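> Model the following, please.
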Amino acid sequence: MHVSALSLTDFRSWAQLDVELTPGPTALVGSNGQGKTNIVEALLYVATLGSHRVSVDAPLVRQGAERAIVRARVERDERTTLVELELNPGKANRARINRGAVPRAREVLGLLRTVLFAPEDLTLVRGDPSARRTFLDDLLVARVPRLAGVRSDYERVLKQRNALLKTAFLAKRSGGGDMRTLDVWDAHLAKTGSELLAARLGLVDDLQPLVEVAYREVSKGQGDVALGYRSSLGEGMPQSQDREVLAAALLSELARVRQNEVERGVSLVGPHRDELVLTLGSMPVKGYASHGESWSVALALRLGSYELLKSDGGEPVLVLDDVFAELDTGRRERLASLVQGAEQVLVTAAVPGDVPEQLMGGRYDVHDGAVVRVR
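As a prediction, this is how the structure comes out:
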């Protein structure tokens, strides 16, 4: 899989951009603020309908414009697919596949797969649990696009249930309140939550050996990294990935903590409270790993994701956004050697010297609102 053409209209800093791309490694070189990351961010948006830098679409639309348009021509298995997305802040986004409109933007998920590694990825190992939950869920959707619906349904149920808990708290203070409606939302949360939880558990099992191998390669064999899953079910967490078993466990725990939830006005049980646990040797990565070790774990998570998606069929486009300047010489060379054989690798860098020679296949200079091919 690779992207052969990208077109942007009023996306971030780009009023208009049209660029042809080729398989193999390609470097986008330009000083900071010239729009390199905006280009790869657009590719990520086509693949995930999200950005690695912001959580809402409004900042993606160029200042003064009403909408942004992203078009990507994707080549896979000798088939060409044109994906078009129209971003309309405050309104529903629109999507087209091969010029034909589709009912929902998420219909495009799965047509392009990307794995992006960026300096922000240090939050995967040093940041809050929410960053690691997002990492898992994004990878789940990349593997199985229909899970985008499950993820959306769970978030909707959680929002409704939290609103009801706050209402129940106020009603309890006034001596009233009917808990039967809360029972209904408990059932909804258990149903959608169990499907999301089962998928995450299966993903961690599949990802673990790949991350372990990637870490050894990146770090030159210095220590072993492990992935674990800590559930809000605590000791009540079943040793099973069966959705019905997990749903029953969620319902039971929801009943047990209901009084506490009503008093606090927030849902305390469910996948939104879970955590991907990263350990290096016998110690947790967060708080104990050195700066270099943290980079190696973050790299291993992304490289493991790449290998997992590749094994599923359809090698993803690999994007390395301004990361080589952050790595020491050893990690830089090892990373370059690991990814140089990918079907398509896009590298961004401020100066040519930040790009390892084996990844300087094609080079584009990005400056003054233009992208110019150099080699």
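
> For the spatially most central residue of the chain, pull up the helix or strand it's in.
Nearest residue to the geometric centre of the chain (C-alpha atoms, centre = their mean): D138, 3.7 Å. Using DSSP states H and E, D138 sits within helix 129-143.

> if I look at A105, how far off is D57?
Separation of A105 from D57 (C-beta to C-beta, to the nearest Å): 10 Å. Backbone N, C-alpha and C define where each C-beta goes, glycine included.

> for the closest residue to E343 other than its chain neighbours, helix, strand, or coil?
Once flanking residues are discounted, E343 sits nearest to E315: 4.8 Å by C-beta to C-beta, 6 or more residues apart in numbering. Assigned by DSSP: H, G, I helix; E, B strand; the rest coil, the conformation of E315 is coil.

> Now for H367: which residues touch it?
Shown in contact with H367 (C-beta atoms under 8 Å, 6 or more residues apart in numbering): 30-31, 34.

> ok, of these, which come out buried?
Of the members of the contacts of H367, the ones counted as buried by neighbours, 16 or more other C-beta atoms under 10 Å, are 30, 34.

> Now render the contacts of H367 as TSV, adding secondary structure and pLDDT.
Below are the contacts of H367 laid out as TSV (DSSP: H, G, I helix; E, B strand; the rest coil; pLDDT from 0 to 100):
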residue	secondary structure	pLDDT
G30	coil	93
S31	coil	91
Q34	coil	91
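
> Any chance of CSV for the contacts of H367, columns distance to V297?
Converted to CSV, the contacts of H367 look like this (distance: C-beta to C-beta, whole Å):
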residue, distance to V297
G30, 29
S31, 30
Q34, 30
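
> Please, where are all the helices along the chain?
36-48, 123-126, 129-143, 147-173, 180-219, 243-256, 258-264, 291-312, 329-339 (DSSP state H).

> ok, so what distance separates S305 from R113?
For S305 relative to R113 (C-beta to C-beta), the value is 10 Å.

> Name the residues contacting each of those two.
A142.

> what are the phi and psi values for the residue nearest to E343?
Main-chain torsions, E315, degrees, to the nearest 10: phi -60, psi 130.

> Return the set of buried residues in stretch 130-138.
Quick answer for stretch 130-138 (16+ other C-beta under 10 Å): 131-138.

> same check, this time on stretch 27-45
27-30, 34-45.

> likewise stretch 63-71?
Per 16+ other C-beta under 10 Å, stretch 63-71 contains these buried residues: 67-71.

> rewinding a little: overlap in contacts, A105 and D57.
Contacts common to A105 and D57, judged by C-beta under 8 Å, 6+ apart, are N93.

> Give me the local confidence score for the closest residue to T123 other than its chain neighbours.
Leaving aside its sequence neighbours, T123 sits nearest to A131 (C-beta to C-beta, 6+ apart; 4.5 Å). A131 carries a pLDDT value of 93.

> Kindly report the same for A168.
78.

> That one touches V262, doesn't it?
Yes: the criterion here is C-beta atoms under 8 Å, and A168 meets it with V262 at 5.0 Å.

> what's in contact with stretch 263-275?
Contacts for stretch 263-275 (C-beta under 8 Å, 6+ apart): 129, 132-133, 154, 158, 161-162, 165-166, 168-169, 189, 193, 196-197, 200, 229-233, 250, 253-254, 257, 260-261.

> residue contacts, the residue lying closest to T9 once chain neighbours are set aside?
Leaving aside its chain neighbours, T9 sits nearest to I69 (4.1 Å; criterion: C-beta to C-beta, 6+ apart). By C-beta under 8 Å, 6+ apart, the contact list for I69 reads 7-11, 84-87.

> Fine by me, thanks again.
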